[in-house]
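Asks: fold the following and give me the result.
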Amino acid sequence: AFVVGNKFEPGNGFKVIGGHTDSPCLKIKPRSKKTNAGCIQLAVECYGGGLWHTWFDRDLGISGRVLLRSEDGTKIEQKLIKIDRAVLRIPTLAIHLETPKEREAFKVNKEDHLVPILSREVKKALGGTTEGEVSDGWAEHHEPILLQMVASELKVDVQKIVDFELNLFDVQCASLGGAFSEFLNSARLDNLASCYMAVQSLVDYTKEEKILETDEDISLVALFDHEEVGSSSATGAGSPIMGESVERISNAFNTHDSADITASSKARSFVLSVDQAHAVHPNYSSKHERNHQPKMNDGMVIKRNSNQRYATTAITAYVVREIAKRAGLPPVQEFVVRNDSACGSTIGPIISTATGIRAIDLGCAQMSMHSIRESMGSSDFSSGLKLFKAFFTHFREVDSSIED
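Replies: Residues are numbered from 1 along each chain as shown. Predicted structure coming up:
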């Protein structure tokens with residue numbers, strides 16, 4: 001999504017907020033039919049680096065994309081689905097059945113232990129759920145109960161389903177927590193919180209007609225998939241999408257189709273790579289470097305790494321600090337990992353490598369990252385929205401003040 005400033009000319013810059021939409025989860029396998037000990041289960045695959053022990057004893061629903069054959073059988077249509085009720089569960093083993101050694105640490109075998117229960121086999125027999133089963137090389141490898149649930153939710157015949165991509169999710173709604181409701185507890189804050197703030201800030205910016213009248217740039221939000229598994233896909237940040245978007249949008253305003261124009265646009269562009277950051281944990285504060293301990297509700301966090309795991313440089317960090325200052329926002333926080341700790345990464349370095357566009361990695365501080373349920377500061381939502389909108393408003397002025 002993007003908005004074109006009224007003063008935009010070919011060769012001017014792009015103000016980009018980029019993020020990723022995916023989160024660690026359990027995905028239903030291509031052949032999911034599974035039974036054991038009188039229970040009907042679904043075979044699932046771990047996506048990303050989740051804290052898998054947090055998926056036990058949670059009420060799980062199913063969501064994703066379903067491919068349906070049209071009535072005349074000539075076309076395939078795509079439908080989104082969300083079964084927003086507790087149809088699956090992964091129970092923990094009772095403490096009475098564990099050995100003393102097993103009680104010392106909860107260890108998860110991802111293949112054997114993360115298999116959710118859908119139903120009892122006796123319920124299937126009593127319900128007569130085998131009626132209408134399909135044998136086409138795909139459907140027979142999935143539990144008929146699952147297919148019938150999907151068909152019922154979409155109000156179609158089971159025979160119309162030709163394939164799907166389905167994920168498990170926690171059906172518990174988001175909530176405010178803390179004595180003063182200062183925390184937001186929810187699933188997938190990493191990174192849907194950043195995605196929401198990015199999109200909403202662009203929407204809010206489009207309402208500033210007087211600012212748009214003098215805007216020389218294009219303000220753009222780009223959201224990518226598959227960051228949690230490396231971004232190497234047709235819809236990931238490692239794809240040509242970002243570079244091609246700049247090129248094609250620039251060429252739409254340029255009648256000469258010059259490569260120099262695109263290069264000029266990239267040189268004047270800037271990417272806010274927004275992804276959640278690690279807040280210091282009061283029970284594990286030693287895991288943070290002493291002088292870099294971001295706190296929830298204390299503003300946005302700039303993430304740095306000299307080994308280029310993050311795209312932040314002195315110049316890109318200054319730009320964001322100055323924008324925050326001009327918007328009257330609290331000073332941004334800083335995060336650097338300890339020297340004896342591995343550092344994560346995100347889409348910032350990937351986009352900069354592929355396009356040559358300057359970038360910075362930053363985000364809101366949160367706890368329990370990659371848990372099925374995470375926590376962040378509720379006031380950081382408003383701070384993030386204000387900073388992102390201020391980026392669209394003040395970037396060109398701040399960037400122009402920096403000498404080459």
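Asks: distance of Asp84 from Ser273?
Replies: Distance from Asp84 to Ser273, counting by Cβ to Cβ, to the nearest Å: 31 Å. In short, each C-beta sits where N, CA and C put it, glycine included.
Asks: compare neighbour counts for these two and give me the winner.
Replies: Set side by side, Asp84 and Ser273 show more neighbours around Ser273, with 30 against 13, by other Cβ atoms under 10 Å.
Asks: all helices of the chain, in order?
Replies: Assigned helices in the chain, in chain order: 100-104, 121-127, 144-154, 189-206, 209-214, 241-252, 259-267, 314-326, 347-355, 378-400 (criterion: DSSP state H).
Asks: can you tell which of those is closest to Asn36?
Replies: Among these, the nearest to Asn36 by Cβ to Cβ is helix 121-127 (9.7 Å).
Asks: mean confidence for the closest one?
Replies: Per-residue pLDDT over helix 121-127 has a mean of 66.
Asks: ok, for Ala311, nearest residue in space, not its chain neighbours?
Replies: Gly348 (3.3 Å; Cβ to Cβ, 6 or more residues apart in numbering).
Asks: spit out the contact partners of the one you found.
Replies: By Cβ atoms under 8 Å, 6 or more residues apart in numbering, the residues touching Gly348 are 18, 271, 273, 310-312, 359-361.
Asks: any chance of CSV for the residues you listed, columns distance to Lys389?
Replies: Listed next are the contacts of Gly348 as CSV, based on distance: Cβ to Cβ, whole Å:
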residue, distance to Lys389
Gly18, 16
Val271, 16
Ser273, 17
Tyr310, 23
Ala311, 22
Thr312, 21
Ala359, 19
Ile360, 16
Asp361, 19
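Asks: I'd like those residues written out as JSON lines, with pLDDT and distance to Ala259 added.
Replies: Listed next are these as JSON lines, based on pLDDT from 0 to 100; distance: Cβ to Cβ, whole Å:
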{"residue": "Gly18", "pLDDT": "98", "distance to Ala259": "23"}
{"residue": "Val271", "pLDDT": "98", "distance to Ala259": "21"}
{"residue": "Ser273", "pLDDT": "98", "distance to Ala259": "25"}
{"residue": "Tyr310", "pLDDT": "98", "distance to Ala259": "30"}
{"residue": "Ala311", "pLDDT": "98", "distance to Ala259": "24"}
{"residue": "Thr312", "pLDDT": "98", "distance to Ala259": "29"}
{"residue": "Ala359", "pLDDT": "98", "distance to Ala259": "22"}
{"residue": "Ile360", "pLDDT": "98", "distance to Ala259": "26"}
{"residue": "Asp361", "pLDDT": "98", "distance to Ala259": "29"}
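Asks: weakest of the helices of the chain by average pLDDT?
Replies: Of all the helices of the chain, helix 121-127 has the smallest average pLDDT, which comes to a mean of 66.
Asks: burial check on Asn297, number of neighbours?
Replies: 18.
Asks: hang on, the earlier thing: identify whichever of the helices of the chain lies nearest to Gly5.
Replies: helix 209-214 (5.9 Å).
Asks: enumerate every residue touching the closest residue to Pro330 other than its chain neighbours.
Replies: Leaving aside its chain neighbours, Pro330 sits nearest to Gly299 (4.1 Å; criterion: Cβ to Cβ, 6+ apart). By Cβ under 8 Å, 6+ apart, the residues touching Gly299 are 324, 329-333, 380, 383.
Asks: and of those residues, the nearest to Asp157?
Replies: Asp380 (46.7 Å).
Asks: how near is the residue nearest to Pro330 to Phe395?
Replies: Noted for Gly299: a distance of 18 Å to Phe395, by Cβ to Cβ.
Asks: now swap in Ala37 and tell me
Replies: 59 Å.
Asks: so for these two, which residue has more residues nearby?
Replies: Phe395 (22 against 8).
Asks: was I right to think the more buried one contacts Val16?
Replies: No - taking contacts as Cβ atoms under 8 Å, Phe395 lies outside contact range of Val16: 10.0 Å.
Asks: and for these two, which residues touch both?
Replies: Phe270.
Asks: neighbours around Ile117, how many?
Replies: 18.
Asks: now the one 3 residues further on
Replies: Using other Cβ under 10 Å, Arg120 has 13 neighbouring residues.
Asks: for stretch 263-282, measure first residue to last.
Replies: End-to-end distance of stretch 263-282: 47 Å, with Cα to Cα, to the nearest Å as the criterion.
Asks: so how far is that stretch off the chain centroid?
Replies: 14 Å (Cα atoms, centre = their mean, to the nearest Å).
Asks: just give the closest residue to Gly384, not the sequence neighbours.
Replies: Gly384 sits nearest to Met197 (Cβ to Cβ, 6+ apart), 4.3 Å away.
Asks: and if you look at Phe183?
Replies: Gly177 (4.3 Å).
Asks: look up how far Ser368 lies from that neighbour.
Replies: With distances taken as Cβ to Cβ, Gly177 is found 12 Å from Ser368.
Asks: who has more neighbours out of those two?
Replies: When Gly177 and Ser368 are compared for neighbours, Ser368 comes out ahead with 17 against 14, by other Cβ under 10 Å.
Asks: next, that one: phi, psi?
Replies: Per-residue torsions, Ser368: phi 60, psi 30 (degrees, to the nearest 10).
Asks: for it, which non-adjacent residue is closest in space?
Replies: Closest to Ser368 by Cβ to Cβ, 6+ apart is Glu374, at 4.6 Å.
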